[in-house]
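Enquirer: Test case, fold it:
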Amino acid sequence: IMDYYDLDAILAEEEKVQVEFLETALHLGFLDPTSDEQDIKLNTKVEVPLWLASPLHSGDFVKILPPRPYSPQWRKNLDADPKLPFPNHPYYFVNGFKIGTLLEDESLLSLLQKVSNERQLHFAEVCLNETWKETDYFSFTRRLTESERKYFTAGFQMITNFEEWRRKQSKLQTSDFNADAMKKRKRD
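Expert: Residues are numbered from 1 along each chain as shown. Predicted structure coming up:
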């Protein structure tokens, strides 16, 4: 469950999903920009933000139609290559888990979990790889979802800080060694 004040959670739930009304909805015609009617008729399909679709779906007023990025074709592609970039879907996993939970779609939930784990492992390997320093940080991170970008940036910063600390420790140890050597010479 995301934090109430989490800006990313708010932005994630603003993503539009298509719903189909399972009954006539009185005085909700304003949700359908293509209609001048005051009400939404049975079986009408409209796009609404995920934050609105969720309670409407839970109340059995609408049926959520899975967005294209969670379609069988995308799932197949994602299963084949978990490292696929999501340039137009910064909240792909957050919304995918929410939609999967609402639709009780176990196959979507397990696929998203598997892919998320594989991608996190890949990012950890990239952070730890010495050849990473030659790669452009921004060209890599722009292909990530928002949460992945946060995790990757934190990991990258942690590795950078560790390497800086290790260099300082190495210099300190070298200085200590030289100081010890100088003391021994003076005693002789």
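
Enquirer: now the strands for this structure?
Expert: Along the chain, counting by DSSP state E, strands occupy 16-21, 45-49, 62-65.

Enquirer: now the second one against strand 16-21, angle please.
Expert: By that I understand strand 45-49. If you take axes from the mean of the first three to the mean of the last three C-alpha atoms, to 10 degrees, strand 45-49 sits at 140 degrees to strand 16-21.

Enquirer: Parallel or antiparallel, which strands does strand 45-49 pair with?
Expert: In the sheet, strand 45-49 lines up against strand 16-21 (antiparallel) (DSSP bridges).

Enquirer: how distant is the strand it pairs with from the center of its chain?
Expert: Centre-to-centre, strand 16-21 and its host chain are 22 Å apart (C-alpha atoms, centre = their mean, to the nearest Å).

Enquirer: Restrict that strand to CA atoms and write it as PDB.
Expert: This file holds the C-alpha atoms of strand 16-21, laid out as PDB (Å, rounded to 0.1, in the frame of the first residue of the first chain):
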ATOM      1  CA  LYS A  16      -6.500   6.500 -17.400                       C
ATOM      2  CA  VAL A  17      -8.100   3.100 -17.800                       C
ATOM      3  CA  GLN A  18     -11.000   2.100 -19.900                       C
ATOM      4  CA  VAL A  19     -14.100   0.900 -18.100                       C
ATOM      5  CA  GLU A  20     -17.400  -0.500 -19.300                       C
ATOM      6  CA  PHE A  21     -20.500   0.500 -17.300                       C
END
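
Enquirer: Go through it and flag the buried ones.
Expert: Neighbour-count burial for strand 16-21 flags 17, 18, 19, 21 (criterion: 16 or more other C-beta atoms under 10 Å). (Each C-beta comes from the backbone N, C-alpha and C, glycine too.)

Enquirer: Export the strands of the chain to CSV and append columns for mean pLDDT and distance to residue 29.
Expert: Converted to CSV, the strands of the chain look like this (pLDDT from 0 to 100; distance: least, C-beta to C-beta, whole Å):
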stretch, mean pLDDT, distance to residue 29
strand 16-21, 94, 11
strand 45-49, 94, 10
strand 62-65, 94, 15
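
Enquirer: Pick the one among the buried residues of strand 16-21 closest to residue 44.
Expert: For these, the closest approach to residue 44 (C-beta to C-beta) belongs to residue 21, at 5.0 Å.

Enquirer: Against residue 99, how distant is residue 27?
Expert: Distance from residue 27 to residue 99, counting by C-beta to C-beta, to the nearest Å: 27 Å.

Enquirer: between those two, who's got more neighbours?
Expert: The neighbour count for residue 27 versus residue 99, taken as other C-beta atoms under 10 Å, is higher for residue 99 (25 against 8).

Enquirer: shouldn't that one be in contact with residue 112?
Expert: No: checked against C-beta atoms under 8 Å, the pair residue 99 and residue 112 is beyond contact range at 9.5 Å.
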